[in-house]
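# no sequence for this one, just the structure:
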């Protein structure tokens, strides 16, 4: 009974809980907007899929699972939800892990096949991105197994930053000013790097500043 009480507390809605809820809704909207731009792939025709035609189900699984990872991962950062039920936190965390594994596995296949049809820098940037994605998520999961809670939180943040990197770079490249700087083939490799490396650097700066100020 004590263990049960320690892993679950009374959930009482307060005004401050509207903030994480609003953030989650915004994340869902942004994710839906990004995924909606890929609706044409669902026609499953050679014209709509282009270079992805031979890997159409891999592409669809990558996009779908990626969206699931973004939405489920965001829930994990709601502290009240974590405190309310650790079991629910673990379930959602496992869903996030499965979504990342599915999406990243598909991303590996695409990064070593269709990506080369764009150019080598594009393929290489995707390969590095998915490597960081898989490794950061694995470390977060392994830290949770070892009960290293603080380490788990830190690596979950890193994992989630890399998770949303593709959306960040995908939205940035749609900005008219950015499009005016060059072609997709020229810009996308740099934007992929920027999508995860810059947010990770900012996170490390914030985390380090907190440690220094203690």
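On my side now, so go ahead. From a predicted model like this one, the values you see are computed outputs, not experimental measurements.
# Burial check on residue 26, number of neighbours?
Neighbours of residue 26 under the rule other C-beta atoms under 10 Å: 11. From N, CA and C alone the C-beta is placed, and that goes for glycine too.
# ok now do it, which residues does it touch?
Neighbour list for residue 26: empty [criterion: C-beta atoms under 8 Å, 6 or more residues apart in numbering].
# Next one: it relative to residue 162, how far apart?
Separation of residue 26 from residue 162 (C-beta to C-beta, to the nearest Å): 19 Å.
# Repeat that for residue 171.
16 Å.
# ok, the two, which is more surrounded?
Legend: neighbour count by other C-beta under 10 Å for residue 171 and residue 162, higher for residue 162 (25 against 17).
# Then the more buried one would be within a strand, right?
No - judged by DSSP: H, G, I helix; E, B strand; the rest coil, residue 162 forms no part of a strand; its state is helix.
# Can you get me a residue count around residue 154?
18.
# could you measure it against residue 70, distance?
Residue 154 is 19 Å from residue 70, by C-beta to C-beta.
# Can you tell me the centre-most residue of the chain?
residue 163 (1.8 Å; C-alpha atoms, centre = their mean).
# Which residues are in contact with that one?
66, 69, 70, 73, 100, 133, 137.
# buried residues in the longest helix seen in the chain?
If you go by DSSP state H, the chain has its longest helix at helix 184-213. Within helix 184-213, the residues scored as buried using 16 or more other C-beta atoms under 10 Å are 187, 188, 189, 191, 192, 193, 195, 196, 197, 199, 200.
# Which residues are in contact with the first one?
Okay, so that is residue 187. 173, 178, 179, 181 are the contacts of residue 187 under C-beta under 8 Å, 6+ apart.
# now do 10 Å
122, 169, 172, 173, 178, 179, 181 (C-beta atoms under 10 Å, 6 or more residues apart in numbering).
# so what's the backbone phi/psi at the fourth one?
I take that to be residue 173. Main-chain torsions, residue 173, degrees, to the nearest 10: phi -70, psi -10.
# where does it land on pLDDT?
Model confidence at residue 173, given as pLDDT, is 86.
# residues in contact with residue 106?
55, 57, 58, 59, 60, 61, 62, 63, 64, 65, 66, 130.
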